[in-house]
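>>> turn this into a structure:
(one chain, ligands or ions: 2)
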Amino acid sequence: MAIESPRIFRITMTLWSTVVRATLVMALSTTLNLAHADGAAIALHGNAQGAPACATCHGAAGEGTAASGYPRLAGLGAEYLAAQLDAFANGQRNNPVMAAVARALTSDDRAAVALYYAALAAPTVKPGIGPGANSPGALLFDEGRWPQGLPACSQCHGPGGGGVGTTFPALTAQSALYIENQLRAWQKGARPPGPLALMSVVASKLSDSDIKDLASYISALPASPPFRKSKP
Ligand code: HEC
Ligand code: HEC
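Ligands and ions are numbered 1, 2, ... in the order given. Below is the predicted model:
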């Protein structure tokens, strides 16, 4: 018995600490669940910290408002969307409207609303009467300009611009105005360089008329499925 007791004591203590740990983990995950933000509610109604409803600008189904340059959000990758919201909040992506919106969201809110938009279906685009397949925009999009070291947009954004994986966002269903604004933002350093600074380099090789040609060509592309679906 003198030998057995310490062992029973140790077994009891091990059991006890397992119970304590399990209870703590359960309590913690309940708190996290309670704190978990509601992406749909934020998108449609805003939050109590003054964030406006995203839908007023980005559309009821996340399709964007072409004439104002408010981008489509529906069906873009969650990681991409959350990274953009963080960049607006910390000023790396310089836009006064979105800076105010993003700063009124907690990081939980940003992650939740990003997940919400990522899970929405990509908008269907009415096939536009865009510049044809032999237009300057189409040639840049599909072939690039190799003497200048400019790769084709389709190499990273997918053959029809539908996006590739979680890193390369879809360009289809974005308006000409929004696309133009982004390419100019990279030229001016008003948008963070992003992964491997790929887009800063691409944008630096585009002339003013390249940007116009690309924006009108891309904005008329029909919606095409992502090359490899982004994780929602
Ligand atoms: C008053 C209009 C307005 C409201 C409201 C608004 N946005 Fe925006 N949003 C914009 C504009 C304008 C841009 C483009 C900024 C730029 O050109 O860089 C944008 C861009 C974005 C982008 C970048 C998309 C991309 O493809 O890179 C995200 C993400 C975004 N908004 C999320 C939200 C969320 C989430 C909400 C709601 C909490 C919201 N926005 C509310 C106007 C708005
Ligand atoms: C080498 C890869 C690569 C090439 C080539 C490339 N892109 Fe991109 N592009 C990216 C990446 C990566 C992002 C996301 C940047 C970020 O996360 O901030 C992006 C983002 C964009 C966006 C912003 C989309 C949004 O929702 O805000 C536009 C517009 C764009 N690219 C246009 C183009 C055009 C036009 C071309 C061809 C002239 C092109 N890209 C070529 C990698 C590339």
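
>>> what about the residue nearest to residue 224 when sequence neighbours are not counted, neighbour count?
Distance criterion C-beta to C-beta, 6 or more residues apart in numbering; nearest residue to residue 224, sequence neighbours excluded, is residue 160 at 3.2 Å. Quick note: C-beta positions are derived from backbone N, CA and C, even for glycine. Neighbour count for residue 160, taken as other C-beta atoms under 10 Å: 18.

>>> likewise for the one 5 residues further on?
For residue 165, the number of neighbouring residues by other C-beta under 10 Å comes to 16.

>>> residues in the protein within reach of ligand 1, list them.
Residues of the chain found near ligand 1 (C-beta under 6 Å from any ligand atom) are 42, 51-52, 54, 56-58, 69-71, 73, 76, 81, 84-85, 95, 97-98, 101, 105, 113, 169, 181, 185.

>>> from those residues, which land in helices?
Among those, DSSP state H puts 42, 56-58, 81, 84-85, 97-98, 101, 113, 181, 185 in helices.

>>> buried ones among those?
In those, burial by neighbour count holds for 42, 57-58, 81, 84-85, 98, 101, 113, 181, 185, counting by 16 or more other C-beta atoms under 10 Å.

>>> tabulate those residues (a markdown table), appending distance to residue 150 and pLDDT.
Listed next are those as a markdown table, based on distance: C-beta to C-beta, whole Å; pLDDT from 0 to 100:
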| residue | distance to residue 150 | pLDDT |
| --- | --- | --- |
| 42 | 39 | 98 |
| 57 | 32 | 98 |
| 58 | 31 | 98 |
| 81 | 27 | 98 |
| 84 | 24 | 98 |
| 85 | 29 | 98 |
| 98 | 28 | 98 |
| 101 | 33 | 98 |
| 113 | 34 | 98 |
| 181 | 20 | 98 |
| 185 | 18 | 98 |
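
>>> surely residue 88 and residue 101 touch.
Yes: between residue 88 and residue 101 a contact is recorded at 7.2 Å, counting by C-beta atoms under 8 Å.

>>> and the chain, which residues reach ligand 2?
Close to ligand 2, as judged by C-beta under 6 Å from any ligand atom, the chain has residues 71, 80, 140, 151, 153, 155-157, 167-169, 171, 179, 182, 194-195, 198-199, 202, 214.

>>> now the helices for this protein?
In the chain, helices defined by DSSP H lie at 4-35, 39-45, 55-58, 78-89, 96-103, 107-119, 136-143, 153-157, 176-188, 198-204, 208-219, listed in chain order.

>>> residue 53: what's it in contact with?
42-46 (C-beta atoms under 8 Å, 6 or more residues apart in numbering).

>>> for it, which non-adjacent residue is spatially closest?
Distance criterion C-beta to C-beta, 6+ apart; nearest residue to residue 53, sequence neighbours excluded, is residue 46 at 4.6 Å.

>>> okay, now the one you found: neighbour count?
Residues near residue 46, counting by other C-beta under 10 Å: 18.

>>> same check on residue 139?
Neighbour number of residue 139 under other C-beta under 10 Å is 15.

>>> measure it to ligand 2 for me?
Going from residue 139 to ligand 2 by C-beta to the nearest ligand atom, to the nearest Å gives 11 Å.

>>> and for residue 59?
Distance from residue 59 to ligand 2, counting by C-beta to the nearest ligand atom: 15 Å.

>>> surely that residue touches residue 65?
Yes: Residue 59 lies in contact with residue 65 (C-beta under 8 Å); the separation is 6.1 Å.
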